[in-house]
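Enquirer: Give me a model of this one.
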Amino acid sequence: MRFRKITAAVLIASAFAVSCSNDSNDTPQQTIAIQVHANPAQALTRVKMLAEFDAYSKDKTLYPLTKAKIKGMFANSGNPFSEAALNTSGVSLKEKTAEHAKPEFDLFFTEMGDVAATYQIPAAKGVKGSYTTATSARLFNEKGLEINQAIIKGLMGAVLLDQTLNYCLNPTVLNAAANPEEAQQLWEEGYNYIFGYKGPNNNKKYFWESYLNTVNGNANFSGITQSVTAAFEKGKAAIIAGNKIERDKQINIIKEKLSKVGAIRAVYYMNKAKGKLSGTTTITGDLAAAFHGLSEAYGFISGLAYTNNPATGQPYLIKARVEELLTSFLGGNDGFWDANYTADQIDLISQTIATAFEFTIEQAITQGGSH
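Expert: Numbering: from 1, shown residues only. I've put the predicted structure just below:
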């Protein structure tokens, strides 16, 4: 069965009604019914797809990477995945990407293919290319942005986080479930986007679980992982018991805690990179490390538009504000290569994020556990 995608904006609204396209105040209201789509297995499939793109985009032994394969991993076209079940799954990362973010990720995947085609050229100011070592390679565009990091961290927000906080754990969607079993499936789907995939040997942490572990290792945020996992457990028990008040209490805990993870890591990566910036025009080991961290931060910042503040039901930073921050971040004459400009922006953006998410820069830049 095919289901209509419900946008976060529609879901957040308290009354599910829209007027016909008429300026009259007397226009009758048309009620929109929510069509609930609950499929925990599909969540796992999408996380696996992102994990394979992550591995493929960084595997030096596979260079030159194929443009069609890169783009195919977003839309699941052309059998791009090594696991046949992913290719035949009938689902994709693109279909669950937040609607207004799809064009930007289409461009990112296209650019990833373009940059991959120049992997033999050393990255330099204004020149897309790579920084390679004996065991690894990193691909940067002409502004110093490592495209695969912008994609991976960005889709962690625009797919995994957005689906969890703004759809699967949305009380309005849960209330529209046909029965308690369907509501449980929605809950499990959200869980799988965060904790469900453990790798082929069931022994790894991926994406949000990995970064939760890292933030949890920071003494300033100790216990965040336990808070989120406990809230998932208690919330499911509340659904089974038919206790919506307790369910919503646990939803609010998950929203607040998960929303902060990307914000904390964005501030951490920006400030760690700042000390490695320089005015050189050619790629170096330290500069590649700095650009890698800045690119991770770039992706995490883009994902802040899909957070959910339980006090308001809105993102901690709205999409328009996030776009302003990203434009400023890469706004130097040569993007990240403009060291002085980038360092200044790191200070300004870090403070903006810290204020919005109610922590301090000093708290965020404390190193946490490994991921």
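
Enquirer: Let me know the distance separating Arg138 from Ala98.
Expert: 27 Å (CB to CB, to the nearest Å). Any C-beta I mention is one placed from the backbone N, CA and C, and that applies to glycine too.

Enquirer: Do me a favour and get the backbone dihedrals for the nearest residue to Ala38 once chain neighbours are set aside.
Expert: Leaving aside its chain neighbours, Ala38 sits nearest to Gln185 (3.7 Å; criterion: CB to CB, 6 or more residues apart in numbering). Dihedral pair for Gln185: phi -70, psi -40, per degrees, to the nearest 10.

Enquirer: so who does Gln185 touch?
Expert: By CB atoms under 8 Å, 6 or more residues apart in numbering, the residues touching Gln185 are Ala38, Asn39, Pro40.

Enquirer: For the last one, grab the count of nearby residues.
Expert: By that I understand Pro40. Here the number of neighbours of Pro40 (other CB atoms under 10 Å) works out to 19.

Enquirer: Glu296 versus that one, what's the distance?
Expert: Plainly put, Pro40 is 28 Å away from Glu296 if you go by CB to CB.

Enquirer: ok, now the second one?
Expert: Asn39 is 30 Å from Glu296, where distance means CB to CB.

Enquirer: any idea whether Arg138 is helix, strand or coil?
Expert: Put simply, Arg138 is strand when judged by DSSP: H, G, I helix; E, B strand; the rest coil.

Enquirer: How many neighbouring residues does the closest residue to it other than its chain neighbours have?
Expert: Nearest non-adjacent residue to Arg138, counting by CB to CB, 6+ apart: Tyr131, 4.9 Å away. By the criterion of other CB under 10 Å, Tyr131 has 21 neighbours.

Enquirer: next one: phi and psi at Tyr131?
Expert: With angles defined as degrees, to the nearest 10, Tyr131 sits at phi -120, psi 120.

Enquirer: what's near enough to touch it?
Expert: Pro122, Ala123, Ala137, Arg138, Phe140, Ile283, Gly285, Leu287, Ala288.

Enquirer: Tell me the pLDDT of the third one.
Expert: Read it as Ala137. Note on Ala137: pLDDT of 85.

Enquirer: which strand residues sit across from it in the sheet?
Expert: Applying DSSP bridges to Ala137 yields these beta-bridge partners: Thr132.

Enquirer: Would you mind giving the secondary structure of Ser130?
Expert: Secondary structure, three-state DSSP: Ser130 is strand.

Enquirer: max-length helix in this protein?
Expert: In the chain, ranked by residue count with DSSP state H as the criterion, the top helix is helix 244-274.

Enquirer: tell me what that helix is packed against?
Expert: helix 171-175, helix 207-216, helix 224-241, helix 285-303, helix 339-357, helix 361-364 (3 or more CB pairs under 8 Å, 6 or more residues apart in numbering; DSSP states H and E).

Enquirer: so which of those helices gets nearest Thr45?
Expert: For Thr45, the closest of the helices and strands packed on helix 244-274 is helix 207-216, at 14.0 Å, according to CB to CB.

Enquirer: quick check: angle from that closest one to helix 224-241?
Expert: Using axes from the mean of the first three to the mean of the last three CA atoms, to 10 degrees, the inter-axis angle of helix 207-216 relative to helix 224-241 is 130 degrees.

Enquirer: Now do helix 207-216: which elements does it pack against?
Expert: For helix 207-216, the elements it packs on are helix 40-58, helix 224-241, helix 244-274, judged by 3+ CB pairs under 8 Å, 6+ apart.

Enquirer: Reformat the ones you listed as JSON lines; add distance to Thr118.
Expert: Below are the helices and strands packed on helix 207-216 laid out as JSON lines (distance: least, CB to CB, whole Å):
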{"stretch": "helix 40-58", "distance to Thr118": "14"}
{"stretch": "helix 224-241", "distance to Thr118": "40"}
{"stretch": "helix 244-274", "distance to Thr118": "23"}
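
Enquirer: Let me have those in JSON lines, extended by mean pLDDT and distance to Leu161.
Expert: As requested, the helices and strands packed on helix 207-216 are exported to JSON lines (pLDDT from 0 to 100; distance: least, CB to CB, whole Å):
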{"stretch": "helix 40-58", "mean pLDDT": "95", "distance to Leu161": "12"}
{"stretch": "helix 224-241", "mean pLDDT": "97", "distance to Leu161": "12"}
{"stretch": "helix 244-274", "mean pLDDT": "98", "distance to Leu161": "7"}
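
Enquirer: Out of the ones you listed, the one nearest Pro64 is which?
Expert: helix 40-58 (12.1 Å).

Enquirer: how far is the closest one from where the chain is centred?
Expert: 13 Å (CA atoms, centre = their mean, to the nearest Å).

Enquirer: CA-only coordinates of that helix, as PDB, when you get a sec.
Expert: Output of helix 40-58 as PDB, limited to C-alpha atoms (Å, rounded to 0.1, in the frame of the first residue of the first chain):
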ATOM      1  CA  PRO A  40      10.100  -0.700  11.500                       C
ATOM      2  CA  ALA A  41      11.900  -2.800   8.900                       C
ATOM      3  CA  GLN A  42      12.000   0.000   6.400                       C
ATOM      4  CA  ALA A  43      13.700   2.200   8.900                       C
ATOM      5  CA  LEU A  44      16.500  -0.400   9.300                       C
ATOM      6  CA  THR A  45      16.800  -0.600   5.500                       C
ATOM      7  CA  ARG A  46      17.300   3.200   5.200                       C
ATOM      8  CA  VAL A  47      20.000   3.200   7.900                       C
ATOM      9  CA  LYS A  48      21.800   0.300   6.100                       C
ATOM     10  CA  MET A  49      21.600   2.300   2.900                       C
ATOM     11  CA  LEU A  50      23.200   5.300   4.600                       C
ATOM     12  CA  ALA A  51      25.900   3.100   6.200                       C
ATOM     13  CA  GLU A  52      26.800   1.600   2.800                       C
ATOM     14  CA  PHE A  53      27.000   5.100   1.200                       C
ATOM     15  CA  ASP A  54      29.300   6.100   4.100                       C
ATOM     16  CA  ALA A  55      31.600   3.100   3.500                       C
ATOM     17  CA  TYR A  56      31.600   3.400  -0.300                       C
ATOM     18  CA  SER A  57      32.400   7.100  -0.300                       C
ATOM     19  CA  LYS A  58      35.500   6.600   1.900                       C
END
